[in-house]
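Visitor: Everything below, folded, please.
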Amino acid sequence: MLSQLLRGANAWHGFLKLATTPAFLGLDVLLIFGLLFHGLNGLRVALVGSGVAADRQKALFWSLMVFGAIALLGAALHIMGSG
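Guide: As a prediction, this is how the structure comes out:
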């Protein structure tokens, strides 16, 4: 992507035009969703596996998913607002 700079300003502006389309930004939001879900679920698995929250697995899952949803909403608003 940065190699577009070697091709000149027109190539770079063409890339930026593509990277700020709603479809491309939607894929960015989808990527952040995957990162948040995978990371927060991994944290839950680590806590349950270490015995810290073994008896609160379901509550821990839902609390982390609510936190993830709030973070995803903030990220989506930021990403869509910048396009």
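Visitor: Please, where are all the helices along this structure?
Guide: 9-19, 22-49, 57-82 (DSSP state H).
Visitor: quick check: angle from the longest one to helix 9-19?
Guide: Between helix 22-49 and helix 9-19, the angle formed by their directions is 60 degrees, by axes from the mean of the first three to the mean of the last three Cα atoms, to 10 degrees.
Visitor: Please tabulate the helices of the chain in CSV, including the columns mean neighbour count.
Guide: C-beta: built from backbone N, CA, C; applies to glycine. Below are the helices of the chain laid out as CSV (neighbours: other Cβ atoms under 10 Å):
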stretch, mean neighbour count
helix 9-19, 12
helix 22-49, 14
helix 57-82, 13
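Visitor: export those helices to JSON lines and tack on distance to Leu2 and mean pLDDT?
Guide: Shown next, in JSON lines, are these (distance: least, Cβ to Cβ, whole Å; pLDDT from 0 to 100):
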{"stretch": "helix 9-19", "distance to Leu2": "9", "mean pLDDT": "85"}
{"stretch": "helix 22-49", "distance to Leu2": "16", "mean pLDDT": "95"}
{"stretch": "helix 57-82", "distance to Leu2": "19", "mean pLDDT": "94"}
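Visitor: Could you dump the ones you listed into TSV and include distance to Ser3?
Guide: TSV is the format used below for the helices of the chain (distance: least, Cβ to Cβ, whole Å):
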stretch	distance to Ser3
helix 9-19	9
helix 22-49	18
helix 57-82	23
